[in-house]
Each structure stands twice: as structure tokens, then as C-alpha cells.
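Engineer: Okay, here's the prediction I keep looking at, along with the sequence it came from:
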Amino acid sequence: MAPQAVPDTALQPAEQSAAQQQTVTRYRAGQPANSVQDWLAQEVPVAMVYNGISHAVMMASPTDLDDFGRGFSLAEGIVDHAGQIYDLDIKHTEEGIALHITIASAAFDRLKQKRRSLTGRTGCGVCGTESLAMLAQQVPPPVQGADVSLQALLQALQALPEQQSINQLTGGLHAAAFADAAGNLLLVREDVGRHNALDKLIGALQSLPADIRSQGMVLMTSRASYELIVKTCRAGIPTLACVSAPTTLAVQLAQQSGLCLVGFARGQACVVYANAERFCD
């Protein structure tokens with residue numbers, strides 16, 4: 001079902017920046033064509049600039065940009081912890097958006113050694129690593145957290161759609177959410193790219209105490225790819241649940257890292273692909 005028309009005045013500021021109206025033509029069998037106003041998701045280039053040097057350009061939704069810059073820095077291993085991010089300045093240009101991020105000299109020196117230029121199509125994930133073996137060695141195991149309850153997972157999944165305000169408007173965004181061990185949704189971030197949505201969530205999670213982060217779970221409205229496992233592990237979150245299937249490489253890394261990986265989490269069911277001993281019904 002197509003998103004319903006919503007007047008500009010009914011939108012929140014974040015929704016206004018993430019969506020744009022356009023005239024479209026709708027067709028239905030046996031009915032005449034109909035020209036209407038519809039909402040489309042905004043997708044803009046966002047440059048990550050570290051200590052004055054451009055590092056990556058991501059195609060992303062122009063919302064929660066502070067979270068995006070901080071989360072990308074952490075999830076990509078550019079900084080070891082949030083304390084190595086000294087400043088973040090958002091600059092809008094005709095070409096797009098630049099996030100000017102000032103990081104610790106030790107982190108910047110390491111970044112220069114591994115520097116790569118890349119353009120993400122719709123969230124690039126983990127790119128530019130010399131080998132898969134090297135990447136796997138760089139992924140820390142998640143903090144050992146509480147067992148995962150099926151009831152808590154289903155409760156969080158049921159509450160998630162209502163929190164996806166921009167997706168409800170456009171039908172074109174992924175969501176990354178964090179729920180505590182009881183299944184209460186604490187944070188939700190949306191983006192046209194699933195990797196970007198998770199980066200934004202990881203950035204936002206820095207506002208929560210470490211003990212809450214280490215006992216909760218990440219929910220994703222996407223498949224479970226290798227890159228999402230890497231980012232979740234680096235964030236120190238012990239459980240990742242996705243509404244679609246995982247890849248074989250994602251399952252392999254989850255098994256090695258101790259991450260509880262859940263797929264096909266929808267309705268009243270799910271499938272546990274890795275570390276099922278931490279899942280209880």
C-alpha cells in the first residue's frame with residue numbers, strides 16, 4: 001500500500017529534511033491513471049572529513065548527522081572509543097553535506113596509514129580492508145550480556161513500525177533500533193542505507209550507560225550482512241536481530257565473535273543462527 005498524502009505542516013523537522021514531495025502517476029488495473037503528490041526519501045552525499053582530510057562519501061538520509069558521524073567513526077574502527085572524537089561540525093554545501101570530525105592524533109595517524117577513498121552507494125559498510133582474515137581479527141567479541149528473551153524480542157519488534165515515522169511517510173528507509181533486555185525500545189534511527197542506520201544508532205547509543213548497551217539488542221529492518229555483524233560487535237552489543245535472512249559469512253563471524261544472531265524476526269517467530277544457548281523462549 002502506498003504511503004498516504006501528508007501536508008507539510010503535519011511533518012516534524014527531521015521528516016521535512018528526509019523527505020520531499022513529487023508528482024507521480026499511479027495506475028490501477030481497470031482505472032484511469034491518476035497524478036498525485038507523493039513523498040520520496042531524500043538521499044544526499046555526506047562526506048566524512050577527519051582533521052581536514054576527506055575520508056569517505058556516503059549516500060545517506062540527511063538526519064541525525066551528529067549521530068552518523070560519531071557512529072561511523074566508532075563502527076568503522078577509526079576511533080577506539082567516543083572520547084577520541086573531540087569535535088564534530090556539520091557543514092551544508094551546494095554539493096551535499098560535510099561532517100568535519102576532529103579526532104585524537106593517534107587515531108588520525110592510524111587512519112592515514114589505512115586511508116582509502118570510497119563512495120558508498122547506499123551505505124558502504126566495512127570497505128577497503130586488505131583481507132577478510134585481517135578484518136575478522138580486528139573485530140572484538142561483544143560484551144557478554146544477558147540471555148535474549150523471545151518475549152522481549154517480539155515486544156520490541158511489535159513496537160518498531162510506529163517509531164519509523166519517515167519510512168511510514170516514504171516507504172523507503174531502513175531502521176536500526178536498540179531495545180533493552182526487557183524489550184523496551186530506547187532508540188530508533190532511520191536511513192536509506194541499512195549500514196548508515198546502524199551507524200546513526202551506534203552514535204546515539206553513546207548517550208546511554210555502558211551497562212545498558214551491553215545488556216540490550218539491536219533490531220534491523222534488513223538482512224543480516226557481514227558488515228552489520230562487524231559494526232554491532234565493535235559497538236559491544238551482544239545481540240543482533242534482523243527481519244530478513246543472514247548471509248553465510250555473517251553467521252560465521254557471529255559464531256566466532258559470540259554474537260547472538262537472529263534472523264527472520266517477524267510476527268511471532270524468529271530463527272537463531274548463532275549462539276543459540278543465549279536465547280530463551
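Structural biologist: Looks like it came in fine.
Engineer: give me the number of residues near the closest residue to Ala104 other than its chain neighbours?
Structural biologist: Of all residues not flanking Ala104 in the chain, Gln84 sits nearest, at 4.1 Å (C-beta to C-beta, 6 or more residues apart in numbering). No exception for glycine: its C-beta is placed from N, CA and C like everyone else's. For Gln84, the neighbour count with other C-beta atoms under 10 Å is 17.
Engineer: Kindly report the same for Leu228.
Structural biologist: Every residue meeting other C-beta under 10 Å relative to Leu228 is counted, giving 29.
Engineer: returning to that earlier point: show me what contacts the residue nearest to Ala104?
Structural biologist: Contacts for Gln84 (C-beta atoms under 8 Å, 6 or more residues apart in numbering) come out as 103-104, 106-107.
Engineer: Try it again at 7 Å.
Structural biologist: By C-beta atoms under 7 Å, 6 or more residues apart in numbering, Gln84 lies in contact with 103-104, 107.
Engineer: Make JSON lines out of those residues and add distance to Leu185.
Structural biologist: Output for those, formatted as JSON lines (distance: C-beta to C-beta, whole Å):
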{"residue": "Ile103", "distance to Leu185": "31"}
{"residue": "Ala104", "distance to Leu185": "33"}
{"residue": "Ala107", "distance to Leu185": "32"}
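Engineer: Helices of the protein, start to end?
Structural biologist: For the chain, the helices defined by DSSP state H cover 13-18, 65-75, 105-113, 132-138, 150-163, 165-170, 194-205, 210-213, 226-234, 248-257.
Engineer: Against which helices or strands is the last one packed?
Structural biologist: By that I understand helix 248-257. Helix 248-257 sits against helix 226-234, strand 260-266, strand 269-274, with contacts defined as 3 or more C-beta pairs under 7 Å, 6 or more residues apart in numbering; DSSP states H and E.
Engineer: Relative to Ala241, which of those is closest?
Structural biologist: Closest to Ala241 of the helices and strands packed on helix 248-257, according to C-beta to C-beta: strand 260-266, at 3.9 Å.
Engineer: which neighbours does the closest one have in its sheet, and in what orientation?
Structural biologist: strand 239-242 (parallel), strand 269-274 (antiparallel) (DSSP bridges).
Engineer: As CSV, these with mean neighbour count would be great.
Structural biologist: Listed next are the strands paired with strand 260-266 as CSV, based on neighbours: other C-beta atoms under 10 Å:
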stretch, mean neighbour count
strand 239-242, 28
strand 269-274, 18
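Engineer: closest one to Asp38 among those?
Structural biologist: Asp38 lies closest to strand 239-242 among the strands paired with strand 260-266, at 28.0 Å (C-beta to C-beta).
Engineer: hmm, who's touching the closest one?
Structural biologist: Here strand 239-242 makes contact (C-beta under 7 Å, 6+ apart) with 145, 148, 153, 217-220, 222-224, 228-229, 232, 259-263, 265, 270.
Engineer: before we move on, back to that, so can I have TSV of the contacts of Gln84 showing pLDDT, distance to Cys242 and neighbour count?
Structural biologist: As requested, the contacts of Gln84 are exported to TSV (pLDDT from 0 to 100; distance: C-beta to C-beta, whole Å; neighbours: other C-beta atoms under 10 Å):
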residue	pLDDT	distance to Cys242	neighbour count
Ile103	99	30	20
Ala104	98	33	16
Ala107	97	30	20
